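A.B. asks: need a 3D model of the following:
(chains A and B)
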Amino acid sequence: MKNVVKHQSRIQLAFASFRRNRVAMLCFWALMVLYGMAIFAGFICPYSYQDENRDFSYCPPTKIEFYDQGHLSQPFIYKRSLTFNDIHRRVYVTDHAVRYPLRFFNNGRLFTVEAPGRLYIWGADARGRDIFSRIWYGARISLSIGILGVLISFILGLLIGGIAGYYGGWVDSVLMRLCEMFMMVPGFYLMLALRAAVPENFNSVQVYASVVIILALIGWASLARIIRGMTLSLRERDFVLAAKSLGVPDIVIIFKHILPQTISFSMATLMLTVSSYILAEAGLSVVGLGIQDPIPSWGNLLSDAMEIVPVIFAPWILLPGLFIFIAVMCFNVTGDALRDAFDPMFKE
Amino acid sequence: MKDLLIIDNLTVSVGTKLLVNRVSFEVGQGKIVAIAGGSGSGKTTIGLSILRLLPSALSIEQGSIIFEGRHLLGLSRREMQHYRGKHIGMVFQEPLSAFDPLFTIGQQMDEVLSVHTPLSGPQRYKKILEVLSEVELPDPLRAYRSYPHQLSGGMRQRAMVAQAIVAGPSLIIADEPTSSLDVTLQVKIMELFKRLRDKNMSILLIAHDLGMIAHLADEVIILHQGELVEKGEVGKIMSGPKHDYTKALIEAFQ
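C.D. replies: Model (predicted):
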């Protein structure tokens, strides 16, 4: 066929508009980098998340030397050792006589340092564990927990909102009263209550799964209510009546003809909800109810920074907070941009 | 000849108001029966009653609807769903809003076939293209791949008819199928309906345009405020209307 105009679907148009938004693209790629780092944490990080060395408690960031007496050389670090000054504060003394060269692609890790040297590019925590490594291993937990929680919330919200709106009547009443029961309790307290219902002797995988489910349970109700409202108006549309008149089963009509119409709303809300779930997980972990040490998450890494004294002498333990901030902001900006991109009324 | 559809004493109400009051008529095999009347006369309500797709506020008070010897009002939800599309098809007034904008014509027709027939994917594809060319769409393949908004009004209405007949129903309910089209296209769609009738399909035509009814239908039923005022062969009614409302209706079109 010749002279056929290439039509773009609504979704293609929306993504084209999204791509023109530079700030949003920057945030989108920043998220991709964060996820990439999390996925390849085992390769990128010099240590595992539980590799500790108490001789390096709160060791400040290691300086990597690239020049040896003015000449470019193989990167190396100087030996550092812990001493205490006259008021019993930790002081790390650099010994310029002893060097440990950096090793690349050694033992399946991107970079390490020759033992017994310890490499802390973003400093160490109280037990001498590498903050850099723990942040990226923690990213695995923090960044995946939000997405999994949101997926479950969305499945619940779309399903329950769609069914309530489509069938109406007593089905609607029962489901909406259920939603209200969840919305009645403030989110954080609901989270604490649900956490209290989880047995204490769970292993780390069970804790992870229970946090995902707790997050999913606090968020689905508000989504279900909005989807129900949209479904109420969508079910009156002619194409829904037409599909019924052709004998298409109700469940197919809900999933194929009604819920996809809510995509512009859903996509944006999905992104915005991920950020609130990352924050919620952090909140739960900061108060010690989320992921348990030694498994790192950004929240429980930050719980080390709850006391003022370590923060004053080892400010690098606040770094996980910066990553929570970056991730949350990037999800919000991306979500807003997606909503604008899908909104036909929105003009750039 | 045996009647395909028998509507007997049908009464539909919303609250205490009667929308359709004790209407009875029959649609014979291979006939086009038109329901005519002004706005609010209950034409569309009768059409939707047959498929049992009335809005929840409306209820069928009494009467029976017998299609191919079965009482439709006594069927379960699942059985009724089986009749929709497979035995009774419906053509809507506004094809643009009656297609889901997110799917192509082909995908939406495919959905109907996959619900009602055991055909495999390639068989359905072949069948859909056949039906699309049967309704004389100039380029069936293009129509198959088009989204509803990409077709012109006339082509959309043909696609709508194609969707209604794709699963092989014996009765088509056409609710003002030409109202949104211009006059030349109306004629084309009417010819399409005639051809379907010649293939022994019955059509219940809901219309207010007496000119079209005179041209197309075999029998006509005149409704006025939910009551059947006159029914019979089109020629007889057009030439010798007995009821005052029918006379007024015919005069309005001359």
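
A.B. asks: for residue 70, grab the count of nearby residues.
C.D. replies: You didn't pick a chain, so chain A it is. Using other Cβ atoms under 10 Å in any protein chain shown, A:Gly70 has 6 neighbouring residues. Glycine gets a C-beta too; all of them are placed from N, C-alpha and C.

A.B. asks: the intended chain is chain B.
C.D. replies: Here the number of neighbours of B:Arg70 (other Cβ under 10 Å) works out to 13.

A.B. asks: same thing with A:Ile253?
C.D. replies: A:Ile253 has 22 neighbouring residues, counting by other Cβ under 10 Å.

A.B. asks: now swap in A:Gln69 and tell me
C.D. replies: The local packing count at A:Gln69 equals 5, with neighbours defined by other Cβ under 10 Å.

A.B. asks: and it, how close does it get to A:Arg80?
C.D. replies: When distances are taken as Cβ to Cβ, to the nearest Å, A:Gln69 and A:Arg80 turn out to be 20 Å apart.

A.B. asks: tell me which stretches of the stretch 151-300 of chain A form helices.
C.D. replies: Listed from the start of the chain, the stretch 151-300 of chain A has helices (DSSP state H, counting those that start in this stretch) covering A:169-184, A:187-196, A:204-234, A:238-245, A:250-252, A:263-286, A:298-303.

A.B. asks: kindly report the same for chain B.
C.D. replies: Defined through DSSP state H, the helices belonging to chain B, from first to last, are B:43-51, B:77-83, B:95-98, B:105-116, B:121-134, B:140-145, B:153-165, B:183-198, B:210-216, B:234-239, B:244-252.

A.B. asks: ok, now how distant is the residue nearest to A:Gln261 when sequence neighbours are not counted from B:Pro55?
C.D. replies: Nearest non-adjacent residue to A:Gln261, counting by Cβ to Cβ, 6 or more residues apart in numbering or on different chains: A:Leu234, 5.4 Å away. Computed as Cβ to Cβ, the A:Leu234 to B:Pro55 distance reads 15 Å.

A.B. asks: could you pull out the buried residues of stretch B:76-90?
C.D. replies: Using 16 or more other Cβ atoms under 10 Å in any protein chain shown as the burial criterion, the residues of stretch B:76-90 that qualify are B:80-81, B:83-90.

A.B. asks: give me the subset of the residues you listed that also touch chain A.
C.D. replies: Taking Cβ under 8 Å from any Cβ of the partner chain, the overlap between the buried residues of stretch B:76-90 and the neighbourhood of chain A is B:81, B:83-86, B:89-90.

A.B. asks: would you turn the residues you listed into JSON lines with distance to A:Leu13 and pLDDT?
C.D. replies: As requested, these are arranged in JSON lines below (distance: Cβ to Cβ, whole Å; pLDDT from 0 to 100):
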{"residue": "B:Gln81", "distance to A:Leu13": "35", "pLDDT": "91"}
{"residue": "B:Tyr83", "distance to A:Leu13": "39", "pLDDT": "91"}
{"residue": "B:Arg84", "distance to A:Leu13": "34", "pLDDT": "92"}
{"residue": "B:Gly85", "distance to A:Leu13": "32", "pLDDT": "90"}
{"residue": "B:Lys86", "distance to A:Leu13": "37", "pLDDT": "92"}
{"residue": "B:Gly89", "distance to A:Leu13": "33", "pLDDT": "92"}
{"residue": "B:Met90", "distance to A:Leu13": "32", "pLDDT": "92"}
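
A.B. asks: okay, and which of the residues you listed map to strands?
C.D. replies: Those of these mapping onto strands are B:89-90, per DSSP state E.

A.B. asks: just the strands in chain A please.
C.D. replies: Listed in chain order, the strands found in chain A under DSSP E are A:65-68, A:71-84, A:90-106, A:109-113.

A.B. asks: for B:Asp244, find the nearest of the ones you listed.
C.D. replies: Ranking the strands of chain A by distance to B:Asp244, with Cβ to Cβ as the measure, places strand A:109-113 first at 93.3 Å.

A.B. asks: partner strands of that closest one and their direction?
C.D. replies: Strand pairing for strand A:109-113, using DSSP bridges, gives strand A:90-106 (antiparallel).

A.B. asks: measure B:Thr117 to A:Ala243 for me?
C.D. replies: B:Thr117 sits 17 Å away from A:Ala243 when distances are taken as Cβ to Cβ.

A.B. asks: neighbour-wise, which of those two wins?
C.D. replies: It is A:Ala243, of B:Thr117 and A:Ala243, that has more neighbours when counted by other Cβ under 10 Å, with 28 against 15.

A.B. asks: now the closest residue to the more buried one other than its chain neighbours: how far from A:Leu302?
C.D. replies: Nearest residue to A:Ala243, sequence neighbours excluded (Cβ to Cβ, 6+ apart): A:Ile253, at 5.1 Å. With distances defined as Cβ to Cβ, the gap from A:Ile253 to A:Leu302 amounts to 46 Å.

A.B. asks: that older thread, between the ones next to chain A among the buried residues of stretch B:76-90, which is nearest B:Ile66?
C.D. replies: Looking at those and their distance to B:Ile66, the nearest is B:Tyr83, at 12.1 Å (Cβ to Cβ).

A.B. asks: and the stretch 151-300 of chain A, which residues reach chain B?
C.D. replies: When proximity is defined as Cβ under 8 Å from any Cβ, the stretch 151-300 of chain A approaches chain B at A:168-169, A:237-239, A:241-249, A:252, A:256-257, A:260-261.

A.B. asks: report the central residue of the chain.
C.D. replies: Using chain A. In chain A, the centroid-proximal residue (Cα atoms, centre = their mean) is A:Leu143; its distance is 2.5 Å.

A.B. asks: that was the other one, I meant chain B.
C.D. replies: Within chain B, and using Cα atoms, centre = their mean, the residue nearest to the centre is B:Ile173, at 1.6 Å.

A.B. asks: bridging residues for the closest residue to A:Pro116 other than its chain neighbours?
C.D. replies: Closest residue to A:Pro116 apart from its sequence neighbours, by Cβ to Cβ, 6+ apart: A:Tyr100 at 7.7 Å. According to DSSP bridges, A:Ile77 are recorded as the beta-bridge partners of A:Tyr100.

A.B. asks: A:Tyr100 and A:Gly117 touch, don't they?
C.D. replies: Yes. Contact between A:Tyr100 and A:Gly117 holds when scored by Cβ atoms under 8 Å: they sit 3.0 Å apart.

A.B. asks: quick check: neighbours shared by these two?
C.D. replies: Contact criterion Cβ atoms under 8 Å, 6 or more residues apart in numbering or on different chains; residues shared by A:Tyr100 and A:Gly117: A:77, A:79.

A.B. asks: what residues are up against the closest residue to B:Leu5 other than its chain neighbours?
C.D. replies: Excluding its sequence neighbours, the residue lying closest to B:Leu5 (Cβ to Cβ, 6+ apart) is B:Val27, at 4.1 Å. With contacts defined as Cβ under 8 Å, 6+ apart, the neighbours of B:Val27 are B:3-6, B:33, B:171, B:202, B:204.

A.B. asks: which non-adjacent residue is nearest A:Ala282?
C.D. replies: Here the residue nearest A:Ala282, using Cβ to Cβ, 6+ apart, is A:Gly299, at 3.5 Å.

A.B. asks: surely the one you found meets A:Ser285?
C.D. replies: Yes. Applying Cβ under 8 Å as the test, A:Gly299 and A:Ser285 come out as touching, 2.7 Å apart.
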